[in-house]
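**Student:** Quick one: sequence plus predicted model below, questions after.
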Amino acid sequence: MEITEVRISLRDNEGKRLKAYATVTFDNSFVVKNIKVVEGNNGLFVAMPARKAKQFCPRCGKKVDLGSRYCNHCGVQLPLPPKDLASTKQATHQDLAHPINQEFRDYLQSKILDAYERERALGPRDSGIEETPEMQS
């Protein structure tokens, strides 16, 4: 599988760990959005798109975030998650897409981080919209 395009959306959050979002196209046929470029303790890394794990409310049956104390729909107090789930952030988030092997993970990360460095080197760019006198007032 070949990565045919990487688009980077930089974040200007000074002092924050999230540096950018990436959108990656595979074989000109499949797109994965919201891949994060994060500043970790050992440098930049790529975090795959994820969502919060859900649980069902025992009273109303609606889905609520795992680890929530109360149901957003009916207000009932929810049971605490098992201790093994409550202790790790990874257990409360589920990847939506992820590489199956380390070789592809390394390939994907190198392509995204290369594109991130190129985008960062370009710096802030003009939006391409010319400012008219009406926009200045």
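**Tutor:** Arrived safely.
**Student:** State which strand of the chain is the longest.
**Tutor:** Across the chain, the longest stretch assigned as strand under DSSP state E is strand 30-40.
**Student:** Can you list the helices and strands that that strand packs against?
**Tutor:** strand 18-26, strand 43-47, helix 102-122 (3 or more CB pairs under 8 Å, 6 or more residues apart in numbering; DSSP states H and E). Glycine gets a C-beta too; all of them are placed from N, C-alpha and C.
**Student:** Which positions in that strand come out as buried?
**Tutor:** Buried residues in strand 30-40, counting neighbours by 16 or more other CB atoms under 10 Å, are found at 32, 35-37.
**Student:** Relative to Arg17, how far out is Asn41?
**Tutor:** In this view, Asn41 and Arg17 are 10 Å apart by CB to CB, to the nearest Å.
**Student:** neighbour count winner among these two?
**Tutor:** Taking neighbours as other CB atoms under 10 Å, Asn41 and Arg17 compare with Arg17 leading, 14 against 6.
**Student:** In contact with the more buried one, which residues?
**Tutor:** 38-40 (CB atoms under 8 Å, 6 or more residues apart in numbering).
**Student:** 10 Å instead, please
**Tutor:** Listed by CB atoms under 10 Å, 6 or more residues apart in numbering, the contact partners of Arg17 are 11, 36-41, 44, 47.
**Student:** can you check Val76 too?
**Tutor:** Going by CB under 10 Å, 6+ apart, Val76 touches 57-60, 64, 70.
**Student:** Walk me through the domains of this protein.
**Tutor:** In the domain annotation for the chain, the residue ranges read 1-49+96-125, 52-95 (automatic domain parsing).
**Student:** now for the last one, what's the gap between its first and last residues?
**Tutor:** So that's domain 52-95. With CA to CA, to the nearest Å as the measure, the ends of domain 52-95 fall 9 Å from one another.
**Student:** Now do it, average pLDDT.
**Tutor:** Averaged across domain 52-95, the pLDDT comes to 81.
**Student:** Run the chain-centre distance for it.
**Tutor:** Centroid displacement of domain 52-95 relative to its chain, using CA atoms, centre = their mean, to the nearest Å, is 21 Å.
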